[in-house]
Structures are given as C-alpha cells and as structure tokens.
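S.K.: sharing a model prediction with you, sequence too.
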Amino acid sequence: MDEDLKKIIDFHGHFCPGIAMGYRVAKYVMKNYKKSSDEELVAIVYNDSCSVDAIQCLLSCTFGKGNLIFKDYGKHVYIFYHRENKKGIRISFKEEISEKIGDIRNKILNAKGENRNMEHINKLKKEYSDEILRLSEEELFDIMDIDIPEPKRAKIYPSIKCEECGEYFMEIRGRIINGKIVCMECFGKLIDED
Ligand SMILES: [Zn+2]
Ligand SMILES: [Zn+2]
C-alpha cells in the first residue's frame with residue numbers, strides 16, 4: 001500500500017470510500033501543485049466528509065492554520081488556490097462516478113432483510129473504495145482552472161474579557177446583552193433565558 005495512503009488511514013482511523021476519494025484528490029494536487037509549505041495552498045471543500053481528512057493529512061491544509069475553508073454544500077467538490085501563483089483549480093468527480101457513488105449509497109441506505117447486515121454493507125463499501133483507487137485520474141475527475149478572489153488569510157484580533165463568565169474571547173465574536181459585553185457562549189445562554 002502507498003505510504004501516503006497508510007499515513008491517511010493512520011490519521012483518520014479507518015479506510016473507507018471517503019478516504020479513497022480524498023486520497024485521489026490530494027495525490028492529484030500533490031503532483032500538480034506544490035505542497036503547502038505553510039499557508040500557501042488553500043483548500044476550499046464543499047463537504048465535511050471523511051475525504052477532507054485526506055486533504056488535511058497529505059496537503060497540510062488544516063482547519064487550525066486557516067487554509068482549509070469549509071462550505072456546507074454537501075458536494076464532492078474541492079477547490080485549491082495557490083497564493084504564490086494566484087491560480088485556482090476546481091476538482092469534481094465525473095458524472096458517472098457521482099452516479100455510482102449515489103447508487104451505492106442508496107443501496108447501503110435501502111439494504112433490507114438479509115442484506116441489512118454489516119458484512120454486506122462493508123463489502124459494498126470496500127468494492128466502491130477499491131474502484132476509486134483503481135480508476136485513472138481522467139476517469140475520475142473533471143478539473144477546471146478557475147479565477148477566484150484570493151481567500152483571506154487568518155487574522156488576529158484583540159482579546160477581551162467576557163463580563164458574564166470572565167473568560168477571554170476574540171473581540172469580533174462579542175455580543176452585547178443587558179448592557180454587558182459577553183462571549184457568544186454566554187450570549188446564547190442569556191438569550192435563552194429571556
Ligand atoms: Zn471514514
Ligand atoms: Zn462568557
């Protein structure tokens with residue numbers, strides 16, 4: 001097994017279809033884009049599935065560094081932007097692949113009677129994962145160059161003290177309630193009391 005795939009499975013905890021998909025996307029980007037040394041490569045992902053762990057693990061686009069942006073569109077679409085050359089690419093899975101993914105997902109969701117056992121479901125998942133690993137990049141992806149504005153870098157904001165709980169928080173996350181400046185956690189609790 002490829003070292004990179006091993007690394008991802010260690011990070012994620014198991015091998016699954018999402019990992020197979022994310023691995024293929026990440027490998028393509030590694031080959032065709034320079035790996036992010038720090039925050040130069042930005043990933044914008046349209047789903048929060050297992051696949052994103054492969055992106056974080058191999059490409060070093062992480063939530064903590066601010067070069068992983070999540071858009072909750074529920075689609076297997078991945079955008080990469082390189083701050084050095086100001087270029088963006090959009091990677092999606094081909095229609096036939098998406099259809100197959102949908103089919104297998106529906107089979108898993110609808111598995112009834114004797115098929116509704118983990119052994120059967122795991123077999124389907126394994127077949128699907130292996131297929132994703134086996135297909136060529138041409139068979140898997142639609143790739144487009146795209147022109148997008150440069151994603152903003154992570155900013156640092158001043159800290160202020162919450163007048164309710166006494167904990168410090170990022171200034172722009174503050175709220176005012178009952179004449180006090182409070183953190184969002186306290187704001188949520190106080191607004192529920194009203
Ligand atoms: Zn998984
Ligand atoms: Zn508070």
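M.R.: Nice, I can see it. Ligands and ions are numbered 1, 2, ... in the order given.
S.K.: can you give me the helices in the chain?
M.R.: 3-12, 17-32, 51-59, 95-110, 118-134, 137-140, 184-193 (DSSP state H).
S.K.: now find how far off-centre the fourth one is within its chain.
M.R.: Pointing back at helix 95-110 there. 20 Å (CA atoms, centre = their mean, to the nearest Å).
S.K.: got the buried residues for that helix?
M.R.: By neighbour count with 16 or more other CB atoms under 10 Å, helix 95-110 contains the buried residues Ile97, Ile101, Ile104, Ile108. C-beta here means a position set from N, CA and C on the backbone, and glycine is covered the same way.
S.K.: just checking, what packs against the helix or strand of the chain with the lowest mean pLDDT?
M.R.: None of the helices or strands of the chain scores lower by mean pLDDT, DSSP states H and E than helix 95-110, at a mean of 83. Secondary-structure packing of helix 95-110 (3 or more CB pairs under 8 Å, 6 or more residues apart in numbering; DSSP states H and E): helix 118-134.
S.K.: could you export the helix it packs on as PDB, CA atoms only?
M.R.: Taking Å, rounded to 0.1, in the frame of the first residue of the first chain, the C-alpha atoms of helix 118-134 are listed here in PDB:
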ATOM      1  CA  MET A 118     -22.700  -5.000   8.300                       C
ATOM      2  CA  GLU A 119     -20.900  -7.700   6.300                       C
ATOM      3  CA  HIS A 120     -22.900  -6.900   3.200                       C
ATOM      4  CA  ILE A 121     -22.600  -3.100   3.700                       C
ATOM      5  CA  ASN A 122     -18.900  -3.300   4.300                       C
ATOM      6  CA  LYS A 123     -18.500  -5.400   1.100                       C
ATOM      7  CA  LEU A 124     -20.200  -2.700  -0.900                       C
ATOM      8  CA  LYS A 125     -18.100   0.000   0.700                       C
ATOM      9  CA  LYS A 126     -14.900  -2.000   0.000                       C
ATOM     10  CA  GLU A 127     -15.800  -2.600  -3.700                       C
ATOM     11  CA  TYR A 128     -16.500   1.100  -4.100                       C
ATOM     12  CA  SER A 129     -13.300   2.200  -2.300                       C
ATOM     13  CA  ASP A 130     -11.200  -0.200  -4.400                       C
ATOM     14  CA  GLU A 131     -12.800   1.100  -7.600                       C
ATOM     15  CA  ILE A 132     -12.000   4.700  -6.700                       C
ATOM     16  CA  LEU A 133      -8.300   3.600  -6.100                       C
ATOM     17  CA  ARG A 134      -8.200   1.700  -9.400                       C
END
